[in-house]
Structures are given as structure tokens and as C-alpha cells.
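> Predicted coordinates and the sequence they were generated for:
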Amino acid sequence: MGRPAPKWMASKGFRYGFLAFFLTMFGNMLFQTWLVANGARSLREMIKLFWTIRVPWGWTYTAGMVPDWIAQFSFGFYSIMLTSTLIGLIAMVLYKPRTWCSFCPMGTMTQGICKLKAKE
């Protein structure tokens, strides 16, 4: 704890790879929401970590409170947020407290936008 993070965590390849992973998760979440909204797939009442680990929270949804597509979006978005929080906490425990900031997808996107704006 309190150790500096490995150099590869702040490398361009890792940061953009991690960004691609989260954008893929977000795209999948939107696609699943679209499928539910169009009746092609039924609502999956579950929250997952890392796309695979089902979190056993049966109390997360009460049927009929909101349309199924909104519930599907919520499950997907919460899954992404829970995954990123867990990764951030693990990085904080293993390394310095703000290690997550060195490879956070939002920071990577913001840095890319700033670089594009600076070229104008």
C-alpha cells in the first residue's frame, strides 16, 4: 500500500485498451437496452461485475415500477459503475490512493479531447 503503480498502468496502450474495454461494455449495455425496448429480448434482472460475475441482489428491481427498457439500462449502467468502483478500490489498496486516475476511461477521453482541441 502506498507504492507507486507499475509504469504499464499509465502507458498509452493500457489506457486506450482500458478505454476500449469500457466503451465496449457501454455499447453492449446500450444494445441490450435497445433489444429490450424493441421486444426482442426480455429484461434481465441482474447486476454483473466484469460482464460475468452475477451480483446476488434480488431486491434491485420491483417489476412494473418503470418500463423494462429503463430497468435494463439501469442494470447495465450500475454494472459498469460497480465494476469501475471495484477496480478503483483495488488499485487504491494495492498502490497509491489515486492510481485509478492514471488509467480512468473518462480521464483518457478527456485527455484525447484536449489534445484534439489543442491541434485546432
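Ah, there it is. Numbering: from 1, shown residues only.

> Do a quick rundown of the helices in this structure.
Assigned by DSSP state H, the chain shows helices spanning 12-37, 68-94, 105-119.

> counting contacts, what elements does the shortest one pack onto?
The criterion is 3 or more C-beta pairs under 8 Å, 6 or more residues apart in numbering; DSSP states H and E, and the helices and strands that helix 105-119 contacts are helix 12-37. C-beta coordinates here come from the backbone N, C-alpha and C atoms, glycine included.

> by how many degrees do the helix it packs on and helix 68-94 diverge?
Per axes from the mean of the first three to the mean of the last three C-alpha atoms, to 10 degrees, the angle that helix 12-37 makes with helix 68-94 is 160 degrees.

> Which strands or helices does helix 12-37 pack on?
helix 68-94, helix 105-119.

> Report the rounded mean pLDDT for the longest one.
Along helix 68-94, the predicted confidence averages to a pLDDT of 87.

> still on that earlier bit, between the helices of the chain, which one is closest to residue 2.
Each of these has some distance to residue 2 by C-beta to C-beta; the shortest is helix 68-94, at 9.8 Å.

> circling back to that earlier point, name the stretch among the helices of the chain that sits most buried.
helix 68-94 (a mean of 17; mean count of other C-beta atoms under 10 Å).

> The residue most central in space within the chain: what's it in contact with?
By C-alpha atoms, centre = their mean, the chain has its centre lying nearest to residue 80, at 3.1 Å. Shown in contact with residue 80 (C-beta atoms under 8 Å, 6 or more residues apart in numbering): 22, 25, 26, 29.
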